[in-house]
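**Q** Okay, predicted coordinates and the sequence, questions at the end:
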Number of protein chains: 2
Amino acid sequence: MRDGKAEGRANRRKRETRARLLRAAFDLMAERGKDAVAINEITEAADVGLGSFYNHFDSKDAIHAALVADVLDGFGRALTAIADALDDPAEVLAASVRHVVLRAHEDPRWGRFLLAHMLSLSTLAEGMGRYLVHDLVVGLDAGRFRATDRLMAVVAVGGAAAAAVAVAIQMAGSEPRDFGAVEGIELRGDRLPERTASAALQILGMPAEEADEVARRPLPPVALPIAS
Amino acid sequence: MRDGKAEGRANRRKRETRARLLRAAFDLMAERGKDAVAINEITEAADVGLGSFYNHFDSKDAIHAALVADVLDGFGRALTAIADALDDPAEVLAASVRHVVLRAHEDPRWGRFLLAHMLSLSTLAEGMGRYLVHDLVVGLDAGRFRATDRLMAVVAVGGAAAAAVAVAIQMAGSEPRDFGAVEGIELRGDRLPERTASAALQILGMPAEEADEVARRPLPPVALPIAS
């Protein structure tokens, strides 16, 4: 009984240490990129001894891989929940895009981390891009989307979403910032998630009015878990 | 006469040292990002003494700013030459997009450097995005493009171009690499510049067939200078 309790405590502390290391690595790597972060910076930020790091991870690459897997896992669960809750493939794609942009705005570190992994071919096969590819193909096969060049449709929608994530990160913060205007175009992020979703649907051949309507439908309730 | 020669030689050597430092910083920062590069790594790669660095630049931020200015300057000259050579605003936009994707494929370091600065709001006002904004507004005002939401049109076209640059970088290399297929979509980069330009025109409301035609017109001759 006492031994069981002691082991439970030891396990809990080990889990907590691992979580603190992951959180610290997440913050540092989201800010500066993996290459610019040293292991001792992670352990200092996590308030953990340097030796403890190696009880949990073999290397900086190993903790980075664990972070990518964590973020991807949470991302996948959210997008699967959205797809399960909706019938219209266009609404699924719109809600997924809105989720990503909204979440990047609410948690800019998550957004930065995501952005570093969004623009890559391998993401289409193994990473977060595979959800986009799947939603796109479902919508095309259902006749809801049009695309003569499917790869370019994925690149264009993924790129537009990535650019919107970058804007959402920059516009995040407690106070709305004024970015002014360029050649009469106001740099305002109001309703950015819905506007990005509408743009994505228009890229896939949907008329603007219908795309706006689909992009404004109520979102299914999906939790926004903080990574790790 | 002899003094003039000596001064000419000293100036030339100074210019060459500066160029070597810039080239080394460009390579290292394109690979790893500014924050992950130390000044002594730059001087070692440039085969220049550490003290010489400070004859040319005050800090790492200063050499990075010089690089950004160099890349932006070359980028601006190429895009201005394209705009000057063509009349149709759609052709200007298509040729500009093709230039960027093509150049990223031919010089992946340049592409990586560009990518690090493409997805930012400030780029729309001061950086490379201002060329896109200008081309877009000219095409809209000429009735050649359609966009109900001009900011989202910029974000979508810029994002699509950035994603294509990322693909071009990955597909660069002496041998064509096979990236396979995902859900029946072949990850092939043949004619990527033209396909990206066509996608950009379609985002701006042009029918696919016309967009493909505009995106395949002969490019005006524009030099592809290597940065710095």
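**A** On my side now, so go ahead.
**Q** Please work out how many residues are found near residue A:14.
**A** 13 (other CB atoms under 10 Å in any protein chain shown). Just so you know, the C-beta spots here come from the backbone N, C-alpha and C atoms, and that holds for glycine as well.
**Q** And for residue A:129?
**A** Residue A:129 has 24 nearby residues by other CB under 10 Å.
**Q** And for residue A:189?
**A** Residues lying near residue A:189 (other CB under 10 Å) number 21.
**Q** Show residues contacting the lowest-mean-pLDDT helix or strand in chain A.
**A** Counting by mean pLDDT, DSSP states H and E, the weakest-scoring helix or strand in chain A turns out to be helix A:122-125, with a mean of 78. The contact list for helix A:122-125, computed with CB atoms under 8 Å, 6 or more residues apart in numbering or on different chains, reads A:117, A:129, A:130, A:132, A:133, A:154, B:179, B:180, B:182, B:185, B:187.
**Q** How about stretch A:53-61?
**A** Counting by CB under 8 Å, 6+ apart, A:14, A:17, A:18, A:21, A:34, A:37, A:38, A:39, A:42, A:43, A:63, A:66 sit against stretch A:53-61.
**Q** Next secondary structure after the host helix or strand of the fourth one?
**A** The one in question is residue A:21. Residue A:21 belongs to helix A:2-32 when assigned by DSSP states H and E. Where DSSP H and E defines the elements, the next helix or strand beyond helix A:2-32 is helix A:39-46.
**Q** does chain B sit close to that next one?
**A** No - contact of helix A:39-46 with chain B (CB under 8 Å from any CB of the partner chain) is absent, the minimum separation being 11.8 Å.
**Q** for stretch A:141-158, same thing?
**A** Yes - with CB under 8 Å from any CB as the measure, stretch A:141-158 is seen reaching chain B through A:148, A:149, A:150, A:151, A:152, A:153, A:154, A:155, A:156, A:158.
**Q** again with stretch A:193-211
**A** Yes - for a cut-off given as CB under 8 Å from any CB, stretch A:193-211 has contacts with chain B, namely A:195, A:196, A:198, A:199, A:200, A:202, A:203, A:208.
**Q** For residue A:151, which non-adjacent residue is closest in space?
**A** residue B:185 (5.4 Å; CB to CB, 6 or more residues apart in numbering or on different chains).
**Q** related to what we said a few turns ago, filter the contacts of helix A:122-125 to the buried ones?
**A** A:117, A:129, A:130, A:132, A:133, A:154, B:179, B:182, B:185, B:187 (16 or more other CB atoms under 10 Å in any protein chain shown).
**Q** so where's chain A shaky on pLDDT?
**A** Applying pLDDT under 70 to chain A flags residues A:1-3, A:174-177, A:223-228.
**Q** Mind doing that once more with 90?
**A** Low-confidence segments of chain A (pLDDT under 90): A:1-10, A:29-36, A:68-76, A:109-110, A:112-130, A:170-182, A:186-190, A:220-228.
**Q** any idea how it splits into domains?
**A** A:1-57, A:66-228 (automatic domain parsing).
**Q** Packed most tightly, which of the ones you listed would that be?
**A** Across the domains of chain A, averaging neighbours per residue (mean count of other CB atoms under 10 Å in any protein chain shown) puts domain A:66-228 on top, at a mean of 20.
**Q** picking up where we left off before, just curious, which of the contacts of helix A:122-125 is nearest to residue A:97?
**A** residue A:132 (8.6 Å; CB to CB).
**Q** any idea how far residue B:189 is from the closest one?
**A** 18 Å (CB to CB, to the nearest Å).
**Q** same check, this time on residue A:42
**A** 37 Å.
**Q** From the contact counts, what lies against the strand or helix carrying residue A:92?
**A** Using DSSP H and E, residue A:92 sits in helix A:89-106. In terms of contacts (3 or more CB pairs under 8 Å, 6 or more residues apart in numbering or on different chains; DSSP states H and E), helix A:89-106 is packed against helix A:60-85, helix A:108-118, helix A:129-141, helix A:150-171, helix A:192-203, helix A:208-215.
**Q** which residues touch the last one?
**A** Residues lying outside helix A:208-215 but in contact with it, judged by CB under 8 Å, 6+ apart, are A:88, A:90-91, A:94, A:98, A:194-195, A:197-199, A:201-202, A:206, B:148.
**Q** between it and helix A:89-106, how many degrees?
**A** 70 degrees (axes from the mean of the first three to the mean of the last three CA atoms, to 10 degrees).
**Q** by how many degrees do helix A:208-215 and helix A:192-203 diverge?
**A** Using the same axes, to 10 degrees: helix A:208-215 against helix A:192-203 is 130 degrees.
**Q** Repeat that for the first one.
**A** Regarding helix A:60-85 and helix A:192-203, their directions subtend 70 degrees when assessed with the same axes, to 10 degrees.
**Q** Spatially nearest residue to residue A:211 (excluding sequence neighbours)?
**A** residue A:201 (3.8 Å).
**Q** ok so, going back, let me have the contacts of stretch A:53-61 in JSON lines, extended by distance to residue A:108.
**A** Output for the contacts of stretch A:53-61, formatted as JSON lines (distance: CB to CB, whole Å):
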{"residue": "A:14", "distance to residue A:108": "30"}
{"residue": "A:17", "distance to residue A:108": "26"}
{"residue": "A:18", "distance to residue A:108": "24"}
{"residue": "A:21", "distance to residue A:108": "21"}
{"residue": "A:34", "distance to residue A:108": "18"}
{"residue": "A:37", "distance to residue A:108": "17"}
{"residue": "A:38", "distance to residue A:108": "23"}
{"residue": "A:39", "distance to residue A:108": "24"}
{"residue": "A:42", "distance to residue A:108": "20"}
{"residue": "A:43", "distance to residue A:108": "24"}
{"residue": "A:63", "distance to residue A:108": "21"}
{"residue": "A:66", "distance to residue A:108": "21"}
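**Q** Tell me which two in the residues you listed are the farthest apart.
**A** Counting by CB to CB, the most remote pair of these is A:14 and A:34, 24.1 Å apart.
**Q** now residue A:73: how far from residue A:104?
**A** From residue A:73 to residue A:104 the distance is 17 Å (CB to CB).
**Q** er, residue A:86 I mean
**A** Distance from residue A:86 to residue A:104, by CB to CB: 21 Å.
**Q** which one of the buried ones among the contacts of helix A:122-125 is nearest residue A:110?
**A** The closest of the buried ones among the contacts of helix A:122-125 to residue A:110 turns out to be residue A:117 (CB to CB; 11.3 Å).
**Q** residue contacts, that closest one?
**A** By CB under 8 Å, 6+ apart, the neighbours of residue A:117 are A:68, A:71, A:123, A:127, A:128.
**Q** one more time with 10 Å
**A** Residue A:117 is in contact with A:68, A:71, A:72, A:75, A:123, A:127, A:128, A:129, A:162, counting by CB atoms under 10 Å, 6 or more residues apart in numbering or on different chains.
**Q** Quick check: the last one vs chain B, distance?
**A** To tie it back to what came earlier, the one meant is residue A:162. Distance, residue A:162 to chain B, using CB to the nearest CB, to the nearest Å: 5 Å.
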